[in-house]
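**Q** With the sequence up front, the predicted model follows.
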Amino acid sequence: MKKLSLIIAFLAVLGSCMTLDRTPKNVDLVREMPELLGTWKWFETHVGGIVGVFNPTHFRGEEVTITFEEDNRFSISFNDSVVLSDVKYSVTKTSDSPYGDYCISVSKQVQDYLRQNLGRIGLQCIEVQGYVTIMRDREYMDKRVLAIIKKEGMDMGVEGGPDFHKRCHYLFVE
């Protein structure tokens, strides 16, 4: 009877550990992707593939940069003026997304603030939360490119519903 109790207790602990492993965990993105540290300059946003491509030439050469710092924090500048400083973001690791292994989330207040301030000048196409990946792009002289892809699909008014994603590209500032 005592052995049966121990086996049941062991299985209960093992089961709870397995359940915990399936839940998303907040991770330190800089530790997972050290190449993320530093400043990245926005150079284009794709919405729905070829449906919409935005770049700084659409906005009179405006410059938006995002700087990733230690401890899951970032800052955003617009034309050398700081828009947001020392913003904390959370990161979850995913295993089933074709867009990247990590997903950045920011608070609703940060989202609203960016929408109001960047949207006011027409830059609502800038995305700072979503799936994150870093790649090399031959089109841009094999430089490192940071892609942030909006997590939720967007409805572009075509059959099929919200299946397009907003994809922002940033070049690393050396």
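**A** Perfect, I can see it now.

**Q** Which parts of the chain are strands?
**A** 38-47, 52-54, 64-69, 73-78, 81-88, 90-93, 102-105, 130-137, 143-149, 154-155, 162-164, 166-172 (DSSP state E).

**Q** nearest to Gly122, of the ones you listed?
**A** strand 52-54 (9.1 Å; C-beta to C-beta). In short, each C-beta sits where N, CA and C put it, glycine included.

**Q** List the buried residues in the closest one.
**A** Phe54 (16 or more other C-beta atoms under 10 Å).

**Q** what mean pLDDT does that strand have?
**A** Strand 52-54 carries an average pLDDT of 78.

**Q** my read: Val91 touches Cys103, true?
**A** Yes - the pair Val91 / Cys103 is scored as a contact, 6.7 Å apart, by C-beta atoms under 8 Å.

**Q** Next, the contact list for the residue nearest the centre of the chain, please.
**A** The chain has Gly130 as the residue nearest its centroid, 3.4 Å off, counting by C-alpha atoms, centre = their mean. Counting by C-beta atoms under 8 Å, 6 or more residues apart in numbering, Gly130 makes contact with Tyr99, Cys103, Ile104, Ile148, Ile149, Lys150, Lys151, His165, Lys166.

**Q** just for this structure, where's the confidence low?
**A** 1-25, 48-51, 138-141, 153-163 (pLDDT under 70).

**Q** Skipping adjacent residues, who's closest to Tyr113 in space?
**A** Leu84 (6.8 Å; C-beta to C-beta, 6 or more residues apart in numbering).
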